[in-house]
Each structure stands twice: as C-alpha cells, then as structure tokens.
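Chemist: task: produce atomic coordinates for the following.
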Amino acid sequence: MTFNFAATAAQLESEIRANRLLNPPTPWANELIYPSYADLSLRNIGHTVAQLLGAPLPNSTPLDERVWGDALPADINRVVVFLMDGMGYLHLQMLMEEDEAVRESVMQLTQGNGPVPLTS
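Modeler: Modelled structure (predicted):
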C-alpha cells in the first residue's frame, strides 16, 4: 500500500480527537482537544530530532512513525523545525482551502506533504 499523507493526517486527527481525558457535561465537549503526549505532541518533536540525528535520548518518545510514512528518513545531517503553535490545525486547513498563496506556501515548506496534526 502506498503512503498517503492526507489519509494518514486524517487518521492521526481522528485518534487525537478520540483522546478524551475529560468529558465535561457541556454541549461543546466534543470540540475540546486534549494533549496526546505519548507520540502525537509537540513534546515529541525534540525526541524525534535527536533520533533523526543519531543521538536518541534516554526514555525517548519520538513522534508516531506514521507521521513519516512508517519509517524515519535515513542519513539526516541537518534538521530544520518550523513550529506554529496556537494557529489550529483545522484553521490552517481552512486557510489552505480558501487561499492559494497559503496553500502553496505550506506545500512548499512541507515538500508537498501538508501539515501534521499534533497536540501541545
């Protein structure tokens, strides 16, 4: 099966949304997004970068390998991290659908892969 980034991102988003740490009795409870510290969080990025550079940290918890198509890239010499926290994954998706310049910029920054849903 060929890796499909959009399908993988949708599956990861579904798993993040299913992570229910609390269930407050409110009509908007399903709109709350809780951190997924195990492997789909900003917390995991540093661990992933260290692993990519061949220096895994003790008790490391890198990003879920599905983010990379089930295999980390090999022979990495340099890593550039572009973190944009607080914008909102769904908001960025909406902007990409509505604005060609935003879509092209995101696709260029991600080498055509698009954004990855993570929690913070």
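Chemist: quick one, domains of the chain?
Modeler: When the chain is parsed with automatic domain parsing, its domains come out as 5-77, 82-114.
Chemist: make JSON lines from those and add mean pLDDT to it.
Modeler: Putting those into JSON lines (pLDDT from 0 to 100) gives the following:
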{"stretch": "domain 5-77", "mean pLDDT": "88"}
{"stretch": "domain 82-114", "mean pLDDT": "85"}
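Chemist: redo the ones you listed as JSON lines? Include mean neighbour count.
Modeler: For every residue, glycine as well, the C-beta is placed using N, CA and C. Below are the domains of the chain laid out as JSON lines (neighbours: other C-beta atoms under 10 Å):
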{"stretch": "domain 5-77", "mean neighbour count": "13"}
{"stretch": "domain 82-114", "mean neighbour count": "12"}
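Chemist: who's in contact with Ala6?
Modeler: Counting by C-beta atoms under 8 Å, 6 or more residues apart in numbering, Ala6 touches Gly114.
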